[in-house]
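return atomic coordinates for the entry below.
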Amino acid sequence: MPRKQNTGTVISNRMNKTIIVTVKTKVAHKKYNKVIAKTNKYYVHDENNECMIGDQVRIEEFKPISKNKRWILKEKIT
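Take a look at the predicted model:
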C-alpha cells in the first residue's frame, strides 16, 4: 500500500531537524454544498535542516518519529 503524500508550505523551521508544514485543501460542506478552505499543520522530519520558511515541499507519511512527528520530507519543490 503506497504511503500518503501531501504538498504544502513551510511555516516554521526553528526546531532542530523538524519543520512545520501547512497543507491547504478545499472541502465541500455536506449540508450547505459550499467549498471551504481547510488548513492542516504537520510536523515533518527534515534530516539536513535544508528547508527555509516559505519553501514549497512534498511530504510523505512515515512511522512515528516522536510524539507529534509522523511525516518525513520527500523533496523540496522550490
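
which element is residue 60 on?
Using DSSP states H and E, residue 60 sits within strand 56-61.

now the strands: where do they sit in the protein?
Assigned by DSSP state E, the chain shows strands spanning 5-12, 18-28, 35-45, 56-61, 71-76.

next up, the contacts around residue 46.
13, 17, 18, 19, 73 (C-beta atoms under 8 Å, 6 or more residues apart in numbering). Heads up, the C-betas are built off the backbone N, CA and C, glycines and all.

could those residues be laid out in TSV, adding neighbour count, pLDDT and distance to residue 43?
Compiled in TSV, the contacts of residue 46 are given as follows (neighbours: other C-beta atoms under 10 Å; pLDDT from 0 to 100; distance: C-beta to C-beta, whole Å):
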residue	neighbour count	pLDDT	distance to residue 43
13	20	97	12
17	14	96	11
18	17	97	6
19	27	98	8
73	22	98	11
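
including distance to residue 35, could those residues go into CSV?
Output for those, formatted as CSV (distance: C-beta to C-beta, whole Å):
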residue, distance to residue 35
13, 31
17, 36
18, 32
19, 28
73, 29
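
tell me what residue 36 is bridged to.
Beta bridges link residue 36 to residue 27, judged by DSSP bridges.

and it, how many residues sit next to it?
Around residue 36 sit 10 other residues, with neighbours defined as other C-beta atoms under 10 Å.

next: the one 4 residues further on.
Taking other C-beta under 10 Å as the neighbour definition, residue 40 ends up with a count of 11.

verify the stated contact: it with residue 22.
Yes. Assessed by C-beta atoms under 8 Å, residue 40 is found in contact with residue 22 at 7.0 Å.

picking up where we left off before, greatest separation within the contacts of residue 46: which pair is it?
13 and 73 (11.0 Å; C-beta to C-beta).

could you tell me which residues touch both of the two?
Common neighbours of residue 13 and residue 73 (C-beta under 8 Å, 6+ apart) are 19, 46, 51.
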